[in-house]
Each structure stands twice: as structure tokens, then as C-alpha cells.
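Asks: could you look at this predicted model? Sequence included:
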Amino acid sequence: MAKLYFYYASMNAGKSTTLLQADFNYRERGMATMLWTAQIDDRDRSGWINSRIGLAEPSRVYGRGTDLFAQANARVLEGPLACLLVDEAQFLTPEQVWQLARVADELNVPVLCYGLRTDFQGELFPGSAILLGIADTLVELKAVCHCGRKATMNLRIDDQGNAVVEGEQIGIGGNESYVALCRRHFSEAMKGC
């Protein structure tokens, strides 16, 4: 029986790198995979999963209206599919998470989702909330705060490096916009505003 996995972490924990390594392992053994990334994340080349260490692979792109079950089902009809991998899973809609559960349950294809658990205010992303609730397996990938503790929070910063405490939940950016911190240093930075 295939499973739905959620690999979650804060920024800079190597989520995309880990996804690309899993994809490589399948493909190295001659197994077909299906890669997906969020349309909204347009920092690098659209239609690619890019890691901070320079690894990259072409990918399908999902938006809010993409039916991931229908896409996976169509792909399975073409031939065996060993695994479906999703980057930036925090941007999935709740409906899309349930579609991915159907891929595992009905198509018997393992689904590996990689994404952030919480936003810059410590609130769950809607897609992440559903994944945390229904995934068969939860795996926390570790990032490190500047103090050496496990970083679990994502601090949004402005151009001067100051904490941003208000704004839209989704703000696309990398190291120039976010800092991974432990809860203690995140709380201190938010209180300083």
C-alpha cells in the first residue's frame, strides 16, 4: 500500500535538495517519477525544482486549479509511475492534498510532499495543516538557528534585516526575505517590532 508523506521544516533545511535526491534514487533504478512545484514560486526558472546547493530538475507546475489526481491518473495510464514528488507543498490547497491522498490510496503511487509547516507569523499554511492531519508519515527536516538550536520558525525580514510582523501569508523569497530561527529567537525578534 502506497503512503502519503509530508517532509516539513523551516526555511533552509534542504527540502528541495532532499526531494531531488529521492527523485534521483528512483530514476537511477529505472523507475519513473512525476515532479511538481508551485506555480506561485517564481524565484528561479519556472517549471524547475531548484535547490540552494545548485541541484535542479525540470518539473510540472501546479496552480490553485490543478487537479493533481487527474494528472497523476493520466500519467499512470501511460505506464508505471514509481513515485510522485511535490515541492513547495505549503502552497497546495486542501483539496489538492486530498487529491494526493487519492493518488496514494487509489493509484497505489507513493506521494512525497516537501514544504514549510508555518508562515512568518507561526501560523500553519492551509495545505500544510491538512498534510499534518492526514499524511501517513511525517518527517521533520532540521534547520539550524544562529544560536545552534533547531530552527522551527520562519522570520520574514525587510531590506534592512528587520522583522516583518504583518502582511499577506504568502511572500515569495529566499535568504533575502526570510531567516530560519528557533522559537526563542523568533519570539524575541517579533517582540522587538
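Replies: Perfect, thanks for sending it.
Asks: flag the shaky bits of the chain, pLDDT-wise.
Replies: Counting by pLDDT under 70, the ranges of the chain that qualify are 41-45, 163, 165-176, 192-193.
Asks: CA atoms of the particular helix or strand that has residue 76 in it as CSV?
Replies: Using DSSP states H and E, the element containing residue 76 is helix 68-78. C-alpha atoms of helix 68-78 as CSV (Å, rounded to 0.1, in the frame of the first residue of the first chain):
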residue,chain,number,x,y,z
LEU,A,68,-3.3,16.5,-9.2
PHE,A,69,-5.2,13.3,-9.1
ALA,A,70,-6.4,13.6,-12.7
GLN,A,71,-2.8,14.5,-13.8
ALA,A,72,-1.4,11.5,-11.9
ASN,A,73,-4.1,9.2,-13.2
ALA,A,74,-3.4,10.2,-16.8
ARG,A,75,0.3,9.6,-16.3
VAL,A,76,-0.3,6.2,-14.8
LEU,A,77,-2.3,5.2,-17.9
GLU,A,78,0.9,5.9,-19.9
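Asks: tell me which other helices or strands it touches.
Replies: Packing partners of helix 68-78 (3 or more Cβ pairs under 8 Å, 6 or more residues apart in numbering; DSSP states H and E): strand 33-38, strand 83-86, helix 94-106. C-beta coordinates here come from the backbone N, C-alpha and C atoms, glycine included.
Asks: next up, phi/psi of the most centrally placed residue in the chain, please.
Replies: Nearest to the geometric centre of the chain sits residue 115, at 2.0 Å (Cα atoms, centre = their mean). Dihedral pair for residue 115: phi -170, psi 180, per degrees, to the nearest 10.
Asks: for the one 10 residues further on, same thing?
Replies: The phi and psi values for residue 125, taken as degrees, to the nearest 10, are phi -70, psi 150.
Asks: count the residues that sit near the nearest residue to it once chain neighbours are set aside.
Replies: For residue 125, ignoring the flanking residues on the chain, the nearest one in space by Cβ to Cβ, 6 or more residues apart in numbering is residue 90 at 3.8 Å. Residue crowding around residue 90 was assessed by other Cβ atoms under 10 Å; the count is 24.
Asks: do you know which of the helices and strands packed on helix 68-78 lies nearest residue 153?
Replies: Closest of the helices and strands packed on helix 68-78 to residue 153 is strand 33-38, at 21.0 Å (criterion: Cβ to Cβ).
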